[in-house]
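Chemist: sequence plus the predicted model coming up.
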Amino acid sequence: MRKIMFFVIGFVFLGLTGHSQVDDPKDHKLWLDAGVGLFGNGKAGGLDLNFGLNLILNKTQFKLSTKLLEELDLFGPKPSEKYSSVGILAGRGFSGKYAHAIFSGGIGITWGSMRGDLSASQPPGWAGPYYKKELFSSVSIPLEIDLMFKPFKFLGVGFSIFGDLNFKRSYFGYGVKIGIGKLH
């Protein structure tokens, strides 16, 4: 009975020690980021606003990402295309005390409105060409490369390259972002 008790106590302490070596709280980083940038998809281009909740556990990044995109049309009365997306991403890369570079990918959903075909009929009081609006939603594969410089423990400034592969309107872009939270 004594051998079994020592075995159980030893097993519990070995499990706790092993867990503490793998799950080091000093390696955990949690922050919010927000950014602005430009996007394109071959048919439209415009402004991107993005928000993210980031968590790094032992050099693996997990991210909940939201993007709001709107086409900028400076040369015509065409209605602008608008997209929104939400994605859950995971990735790995370099994460040091003052900088990180992480590539991540995941799964998400993209929805919005696309400019349809030119319509022959116009609404009353409308002057100029009239385009139909097409609403869509699609499963997507978001991809992102984050480069963040962290001069302070709680503040970071970075650059992001992103893409979203979906069945309706895939897009790509880049932007600058700021991160606030536990970065070191």
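Modeler: Okay, I see it. All values derive from a computational prediction rather than experimental measurement. Numbering: from 1, shown residues only.
Chemist: report the beta-bridge partners for the residue nearest the centre of the chain.
Modeler: Nearest to the geometric centre of the chain sits residue 65, at 3.4 Å (C-alpha atoms, centre = their mean). According to DSSP bridges, the partner residues bridging residue 65 are residue 52, residue 87.
Chemist: which residues touch it?
Modeler: 50-52, 85-89, 108, 142, 144 (C-beta atoms under 8 Å, 6 or more residues apart in numbering). C-beta: built from backbone N, CA, C; applies to glycine.
Chemist: helices along this structure, start to end?
Modeler: 2-22 (DSSP state H).
Chemist: which stretches of it have low pLDDT?
Modeler: Residues of the chain meeting the criterion pLDDT under 70: 1-27, 75-78, 119-130.
Chemist: got the residue ranges for the strands in it?
Modeler: With DSSP state E as the criterion, the chain has strands at 29-40, 45-57, 60-71, 82-95, 99-119, 130-149, 155-166, 171-182.
Chemist: that older thread, buried members of the contacts of residue 65 into ChimeraX, please.
Modeler: Entered in ChimeraX, the line below selects the buried ones among those, by 16 or more other C-beta atoms under 10 Å:
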select :50,52,85,87,89,108,142,144
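Chemist: could I get the contacts of residue 65 as JSON lines with distance to residue 34?
Modeler: Shown next, in JSON lines, are these (distance: C-beta to C-beta, whole Å):
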{"residue": "50", "distance to residue 34": "7"}
{"residue": "51", "distance to residue 34": "5"}
{"residue": "52", "distance to residue 34": "8"}
{"residue": "85", "distance to residue 34": "15"}
{"residue": "86", "distance to residue 34": "15"}
{"residue": "87", "distance to residue 34": "16"}
{"residue": "88", "distance to residue 34": "18"}
{"residue": "89", "distance to residue 34": "16"}
{"residue": "108", "distance to residue 34": "18"}
{"residue": "142", "distance to residue 34": "17"}
{"residue": "144", "distance to residue 34": "14"}
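Chemist: which of the contacts of residue 65 lies at the shortest distance from residue 31?
Modeler: Among these, residue 52 lies closest to residue 31 (C-beta to C-beta), at 8.7 Å.
Chemist: in contact with the closest one, which residues?
Modeler: By C-beta under 8 Å, 6+ apart, the contact list for residue 52 reads 32-34, 63-66, 177.
Chemist: go again with 6 Å.
Modeler: By C-beta atoms under 6 Å, 6 or more residues apart in numbering, the residues touching residue 52 are 33, 63, 65.
Chemist: so residue 31 sits against residue 179, correct?
Modeler: Yes. Residue 31 is within contact range of residue 179, at 4.6 Å (criterion: C-beta atoms under 6 Å).
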